[in-house]
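Visitor: next come a sequence and a model predicted from it.
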Amino acid sequence: MAAPRLHVCIYLQHPFDDCYCMNITGATIPRLLDYCVGDFGSCPIFRKRHRHEKEPAAE
């Protein structure tokens with residue numbers, strides 16, 4: 001049986017200052033596991049940042 005595949009956040013190699021992986025504490029480890037190497041599409045930081053990148057530039 002194969003090990004479950006991790007879905008690593010696209011921002012993990014170049015994280016933002018407010019990413020969970022930037023300030024690792026006992027309180028952020030569950031979020032890091034859930035979002036950074038799990039379901040990053042549900043991460044509130046990812047969603048906020050990704051939404052801003054998709055918005056067209058103001059003219």
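Guide: Thanks, I have it. Keep in mind the model is a prediction, meaning the values are calculated, not measured.
Visitor: flag every buried residue along the helix or strand where His52 lies.
Guide: Assigning secondary structure by DSSP states H and E places His52 in helix 44-54. Using 16 or more other C-beta atoms under 10 Å as the test for burial, helix 44-54 gives Ile45, Phe46, Arg49. Where you see a C-beta, it was placed from the backbone N, CA and C, and this is true even at glycine.
Visitor: show me where pLDDT drops low in the chain?
Guide: For the chain, applying pLDDT under 70 flags the ranges 1-5, 53-59.
Visitor: all strands for this structure, in order.
Guide: Remark: strands of the chain are absent; assignment by DSSP state E.
Visitor: find the nearest non-adjacent residue to Phe40, please.
Guide: Excluding the flanking residues, the one nearest Phe40 by C-beta to C-beta, 6 or more residues apart in numbering is Cys9, at 3.7 Å.
Visitor: for Leu6, give its distance to Leu33.
Guide: Distance of Leu6 to Leu33, computed by C-beta to C-beta, to the nearest Å: 10 Å.
Visitor: quick one, what contacts Tyr46?
Guide: Residue 46: Phe, not Tyr. Cys9, Tyr11, Tyr35, Phe40 (C-beta atoms under 8 Å, 6 or more residues apart in numbering).
Visitor: just the ones of those in helices?
Guide: The members of the contacts of Phe46 all map outside helices under DSSP state H.
Visitor: looking at the residues you listed, spot the one nearest Ala27.
Guide: Nearest to Ala27 among those: Tyr35, at 13.5 Å, using C-beta to C-beta.
Visitor: residues contacting the residue lying closest to that closest one once chain neighbours are set aside?
Guide: Among residues not flanking Tyr35 along the chain, Cys43 sits closest, at 3.6 Å (C-beta to C-beta, 6+ apart). Residues near Cys43 by C-beta under 8 Å, 6+ apart: Cys9, Tyr20, Arg31, Asp34, Tyr35, Cys36.
Visitor: show the buried residues in those.
Guide: Of the contacts of Cys43, these count as buried by 16+ other C-beta under 10 Å: Cys9, Tyr20, Arg31, Tyr35, Cys36.
Visitor: appreciated, that's everything.
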